[in-house]
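*Asks:* just coords:
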């Protein structure tokens, strides 16, 4: 008989499988199930590859209500990362027929071997792919890199910055600082294991290490830099803790960004411009002095801009209090915590809605209305290509 992946989920309820997988755990322990034949524990990461296989379109019919619930539970207790899973092409070579428990174990063994091999390979392709922010407060950097990745112009900036040396190391060129930073494979591997940096795309990790080195030189006064960048480098616990898109663009290109604050934010400073926008929003739009006008620019010329939007809770908000708005489907979206800022990327604008991406997980796109965004957006930083 064919043993479907969905059946494996429900093995405790399906005695006819006569399975040897005699222990099933749903906790953050090292093993998720134990195979008595091989005397081997399999962890959640191994099992997530079976889940990945099950997401193949041709497996769409195998899930029942219970297996779907268990799948969600597994994914919620293990932060599955795409780079730890077998890729789609490899999955297709395995095929969709699983004829026995032994075959399942064989597949898991294969996935585990492939996963281990992939984790040992540095994959730098001069492109920005999905990543998840680590412990460093460098949302500004990751959001900036993500924003650049959404257009051909931005992708070209990334490609021009990264080069590979004959010895296998990498250079990142910072045109704004007349500086090139070298990063070795050993440094990348060490950073992976450390856990403070981003997970996912190696190009993002490479950029984190290079920006940190470059900003450390700025902080130490070893390279010439604008006063605002020196202040930024000295402001955080490490040189990359805290910043804006302004630093990303200046360091990579030597050019400047534009800034537009949001007068509707609870902490708006009450300046004359803010009052103008509140009282005469139409006039502010005509004078190119409103956040709505920036949205219009991006919608009119999506290939011409990259943009970063920053959210802050009202001044005095407790550090652990989530600042939330609703997406277009009515779901809660956590923008940041407390009154500290958090930077997101703007991917696109369509009418009344804006697609934003959080560096906490850049694979997730969230669509929200402009009205919702304006509740806690403090400002937009944006860069116009080929001005």
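*Replies:* Received, thanks. The structure presented is a predicted model; accordingly, all values stated were derived computationally and were not measured.

*Asks:* got the contact list for residue 379?
*Replies:* Residues near residue 379 by CB atoms under 8 Å, 6 or more residues apart in numbering: 259-262, 291, 309-310. The C-beta positions use only the backbone N, C-alpha and C, and glycine is treated the same way.

*Asks:* Now neighbour count too, for these, in CSV please.
*Replies:* Converted to CSV, the contacts of residue 379 look like this (neighbours: other CB atoms under 10 Å):
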residue, neighbour count
259, 13
260, 21
261, 20
262, 25
291, 23
309, 28
310, 23
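
*Asks:* Please render the residues you listed as CSV that adds secondary structure, distance to residue 345 and pLDDT to the earlier fields.
*Replies:* Shown next, in CSV, are the contacts of residue 379 (DSSP: H, G, I helix; E, B strand; the rest coil; distance: CB to CB, whole Å; pLDDT from 0 to 100):
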residue, secondary structure, distance to residue 345, pLDDT
259, strand, 16, 90
260, strand, 16, 88
261, strand, 18, 84
262, coil, 17, 80
291, helix, 16, 84
309, strand, 8, 96
310, strand, 11, 94
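
*Asks:* wait, which of those residues is closest to residue 173?
*Replies:* residue 259 (25.4 Å; CB to CB).

*Asks:* Just grab the bridge partners of the closest one for me.
*Replies:* Bridge pairing for residue 259 (DSSP bridges) gives the partners residue 381.

*Asks:* need the contact list for it.
*Replies:* Neighbour list for residue 259: 246, 379-381 [criterion: CB under 8 Å, 6+ apart].

*Asks:* where along the stretch 251-387 of the chain do the strands fall?
*Replies:* Listed in chain order, the strands of the stretch 251-387 of the chain (DSSP state E, counting those that start in this stretch) span 258-261, 305-311, 322-326, 332-337, 342-350, 353-357, 365-369, 377-384.

*Asks:* for those strands, which one sits closest to residue 296?
*Replies:* When those are compared (using CB to CB), the closest one is strand 342-350, at 7.7 Å.

*Asks:* now the closest one against strand 377-384, angle please.
*Replies:* 60 degrees (axes from the mean of the first three to the mean of the last three CA atoms, to 10 degrees).

*Asks:* List the buried residues of stretch 162-177.
*Replies:* Neighbour-count burial for stretch 162-177 flags 162, 170, 172-177 (criterion: 16 or more other CB atoms under 10 Å).

*Asks:* now that stretch: mean pLDDT?
*Replies:* Across stretch 162-177, the average pLDDT comes to 94.

*Asks:* Residue numbering should commence at 446 henceforth.
*Replies:* Fine by me, first position is 446 from now on; the one you just mentioned is stretch 607-622.

*Asks:* That one: end-to-end distance?
*Replies:* End-to-end distance for stretch 607-622: 15 Å, by CA to CA, to the nearest Å.

*Asks:* Just among the contacts of residue 704, which is most surrounded?
*Replies:* residue 826 (26 neighbours; other CB atoms under 10 Å).

*Asks:* ranges for the helices of the stretch 596-745 of the chain?
*Replies:* For the stretch 596-745 of the chain, helices defined by DSSP state H, counting those that start in this stretch occupy the ranges 597-606, 630-639, 647-664, 672-680, 690-698, 717-724, 726-731, 736-745.

*Asks:* Verify the contact between residue 711 and residue 762 for me.
*Replies:* No - using CB atoms under 8 Å, residue 711 is not in contact with residue 762; the gap is 9.5 Å.

*Asks:* Run a quick neighbour tally on the nearest residue to residue 768 once chain neighbours are set aside.
*Replies:* Among residues not flanking residue 768 along the chain, residue 758 sits closest, at 4.1 Å (CB to CB, 6 or more residues apart in numbering). When neighbours are defined as other CB under 10 Å, residue 758 has 25 of them.

*Asks:* Let me know the closest of the contacts of residue 824 to residue 578.
*Replies:* Of the contacts of residue 824, the one sitting nearest to residue 578 (CB to CB) turns out to be residue 755, at 14.5 Å.

*Asks:* which residues of the stretch 696-832 of the chain score low on pLDDT?
*Replies:* For the stretch 696-832 of the chain, the stretches with pLDDT under 70 are 714-734, 832.

*Asks:* Equivalent analysis for the stretch 496-645 of the chain, please.
*Replies:* 496-565.
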